[in-house]
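sequence isn't available, so here's the structure alone:
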């Protein structure tokens, strides 16, 4: 079974530039998560999708971050314009079932490491 | 709000030593508790989980028991190997929530031969 795919693996940009990350979840997984992991910290949820609808985006800085999952499969996370503090690893995860199933296993991709100069 | 606190790292052990990584949590209701592991250059992987009080999760020689009275979920292994060197994250999801994971800050384990 193929895992969660993410690209690119690494990205270096200058502040005020824009950047986009792509995630393809495990086939058949309805729920998709984007987490931000700053160096030395645990991952923090940015946004959660159930199929192509947003379940939770309360921690997403909406003035600069946006995300979509148009067909309920793969997803794109965008930052525009980037700030120095956005330097982090962006993790995508997916899980099989329904919202509110808190016991489900989330499967993580390898992450995209972003450096903003 | 909900939170997870892990012991500071790095933890450095010799091969075959006993491992304990402490994890305590704050949450309303009845959370599910998880340990995830991140090996060098790889993504996060679920190591074990427990979904109710007094449950014990176990995998690959690692164990953790959900202790509601002490709000803890300490990770243990009787004999560590060099291949166990990784970053370990304790996490929870709260009942009635959307399923999002709330992570601790991670604990780096280094095992020397």
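Done, it's in. What you are looking at is a predicted structure, and each value in this text was computed from that prediction instead of being measured.

for the residue of chain A found nearest chain B, what are its contacts?
Taking C-beta to the nearest C-beta, chain B has its nearest neighbour within chain A at residue A:42, 2.9 Å off. Heads up, the C-betas are built off the backbone N, CA and C, glycines and all. Counting by C-beta atoms under 8 Å, 6 or more residues apart in numbering or on different chains, residue A:42 touches B:4, B:89, B:91, B:103, B:104, B:105, B:106.

apply 6 Å and report the result again.
Shown in contact with residue A:42 (C-beta atoms under 6 Å, 6 or more residues apart in numbering or on different chains): B:89, B:103, B:104, B:105, B:106.

ranges for the strands of chain A?
A:5-7, A:10-13, A:19-24, A:31-37, A:44-50, A:53-56, A:65-68, A:75-79, A:88-95, A:107-108, A:112-116 (DSSP state E).

the inter-axis angle of the third one versus strand A:112-116?
So the one you mean is strand A:19-24. For strand A:19-24 against strand A:112-116, the angle by axes from the mean of the first three to the mean of the last three C-alpha atoms, to 10 degrees is 170 degrees.

tell me if the helix or strand bottoming out on mean pLDDT in chain A is near chain B.
When each helix and strand of chain A is scored by mean pLDDT, DSSP states H and E, strand A:53-56 comes last, with a mean of 90. Yes. Between strand A:53-56 and chain B, judged by C-beta under 6 Å from any C-beta of the partner chain, the touching residues are A:55, A:56.

that strand pairs with which strands, parallel or anti?
Using DSSP bridges, strand A:53-56 pairs in its sheet with strand A:44-50 (antiparallel).

residues near residue B:40, how many?
With neighbours defined by other C-beta atoms under 10 Å in any protein chain shown, the count for residue B:40 comes to 7.

residue A:62 now?
Around residue A:62 there are 10 residues (other C-beta under 10 Å).

dump the residue contacts of the spatially most central residue of chain A.
Central residue of chain A (C-alpha atoms, centre = their mean): residue A:34, 2.6 Å from the mean position. If you count contacts by C-beta under 6 Å, 6+ apart, residue A:34 has them with A:46, A:47, A:77, A:92.

and those residues, which are buried?
A:46, A:47, A:77, A:92 (16 or more other C-beta atoms under 10 Å in any protein chain shown).

which stretches of chain B have low pLDDT?
B:95-97 (pLDDT under 70).

from residue B:33, how far out is residue A:70?
Here residue A:70 is placed at a distance of 34 Å from residue B:33 (C-beta to C-beta, to the nearest Å).

now chain B against chain A: closest residue?
residue B:103 (2.9 Å).

gap between the residue nearest to that residue when sequence neighbours are not counted and residue A:61?
Once flanking residues are discounted, residue B:103 sits nearest to residue A:42: 2.9 Å by C-beta to C-beta, 6 or more residues apart in numbering or on different chains. Counting by C-beta to C-beta, the gap from residue A:42 to residue A:61 is 18 Å.
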